[in-house]
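In: here's a sequence, model it:
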Amino acid sequence: MEMSNTLMNLQKEKWAKIYITTINIKARATTIGKKKRFLSATFADLPAPDLAWEQMPSAPVPRLDGSAIQINNLFYVLSGYGTLDHVHSHVDVFNFTDNTWCAKFDTPKDMANSHLGVASDGRYIYVVSGQYGPQCRAPTSRTYVLDTQTREWQSLPPLPAPRYAPATQLWKGRLHVMGGSKENRHTPGLEHWSIAVKDGKALDKEWRTEIPIPRGGPHRACVAINDRLFVIGGQEGDFMAKPGSPIFKCSRRHEVVYGDVYMLDAEMKKWEVLPPLPKPNSHIECSWVVVNNSIIITGGTTEKHPETKRMILVGEVFQFHLDSLTWSVIGKLPYRVKTTLAGFWDGYLYFTSGQRDRGPDNPQPKKVIGELWRTKLNI
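Out: Sure, this is the predicted structure:
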């Protein structure tokens, strides 16, 4: 009798467990049924061929939101965050000929540390505006020029208003600066200014107002080629300083990443809208090179996940064909990464620095890196 009662109790317990489990599964299924279909964290990844990447000597320091200019075989890597609480105030130089980091020198003490606008004429590097200090501190309107032969800095007339990460390029004898984020770090700027420059000197006493860009915001590629000026990708909105924070601690705000492409021709009368990037892309201001009449873009950050609202990094290499004005996806990076600094030498595409993903299955940003990679491009 005791054994029979024990068996009956065990059976009741077994069926109770099955019943409760069934109820839980049904409840979970009902809950899921009320929601939209769950999107994979990697849903934004695009099909792309693998590229054979080779790791080279890492930069002396990791960098996020740094800048870079290539002049012949020398790659000048400027400023940027080391961490949110520490910013760099120097330039590291990489020599593509022997693949070594060969020099380091300081930037001016009151020059911006991140979110710079940079451009070069092949000797002089122009540095415009940007954020001064760590976290989400205020921007500066100060503008400088570096003579890469003497490594001496000189100041130029300040920008009419400070900007974070404005699109910047030398074009038709003038230094053009447009877009970026305004003084609060979030509001997109539409303004477009230019100043005549030659041999590292300003030929004008002040900046001239030009045709505004149709869509504002920071972190865009800006390329001058074949008498045309291209502005690619970007975003509206960005992190802001937390109100009342004594250290201007960064606080996330709503941002919209876009893939818009605009072109201005030599007459500068109207911006032309061109085919957009294969997907929205931002944080690409120094992530591009020009190769065989095309623009190559490495990495970036795309629109946030629609359900989790998490930031999503980009792991593709894009090519914009200047003859047909069309896009293609030509390869994958070793990992997803934003604010890469790209160069091209002897058939190799190089990139260094930025903030990489958390792994193959997690495109959210994590580690700030100084790694340098290259791959042979066959295009």
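
In: what about the chain, any weak spots by pLDDT?
Out: 1-37 (pLDDT under 70).

In: which one's the longest strand in it?
Out: strand 362-376 (DSSP state E).

In: okay, buried residues for that strand please.
Out: By neighbour count on 16 or more other Cβ atoms under 10 Å, the buried set for strand 362-376 is Pro363, Gln364, Pro365, Val368, Ile369, Gly370, Glu371, Leu372, Trp373, Arg374, Thr375. Bear in mind the C-beta positions are built from the backbone N, C-alpha and C, glycine included.

In: same question, stretch 317-332
Out: By 16+ other Cβ under 10 Å, the buried positions in stretch 317-332 come out as Val317, Phe318, Gln319, Phe320, Leu322, Trp327, Val329, Ile330, Gly331, Lys332.

In: and what of stretch 49-62?
Out: Applying 16+ other Cβ under 10 Å to stretch 49-62 flags Leu51, Trp53, Met56, Ala59, Val61, Pro62 as buried.

In: how about stretch 133-143?
Out: Here stretch 133-143 shows Pro134, Gln135, Cys136, Arg137, Pro139, Thr140, Ser141, Arg142, Thr143 as buried, counting by 16+ other Cβ under 10 Å.

In: now it, how far from the chain's geometric center?
Out: Averaging C-alpha positions (Cα atoms, centre = their mean, to the nearest Å) puts stretch 133-143 18 Å from its chain's average.

In: alpha carbons of it, as CSV, please.
Out: Taking C-alpha atoms only, stretch 133-143 is exported to CSV below (Å, rounded to 0.1, in the frame of the first residue of the first chain):
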residue,chain,number,x,y,z
GLY,A,133,38.8,67.4,-24.0
PRO,A,134,37.4,64.0,-22.9
GLN,A,135,33.8,62.6,-22.4
CYS,A,136,31.3,65.0,-24.2
ARG,A,137,33.0,68.3,-23.6
ALA,A,138,32.4,71.5,-25.6
PRO,A,139,33.7,72.0,-29.2
THR,A,140,36.2,74.6,-30.3
SER,A,141,36.2,76.8,-33.4
ARG,A,142,40.0,76.9,-33.5
THR,A,143,41.7,75.9,-36.8
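
In: domain-wise, how is the protein divided?
Out: Segmentation of the chain into domains, based on automatic domain parsing, reads 1-35, 38-376.

In: distance of the spatially closest residue to Val290 that is not a sequence neighbour from His321?
Out: Using Cβ to Cβ, 6 or more residues apart in numbering and skipping the chain neighbours, the partner closest in space to Val290 is Ile225 (5.8 Å). According to Cβ to Cβ, to the nearest Å, Ile225 stands 12 Å off from His321.
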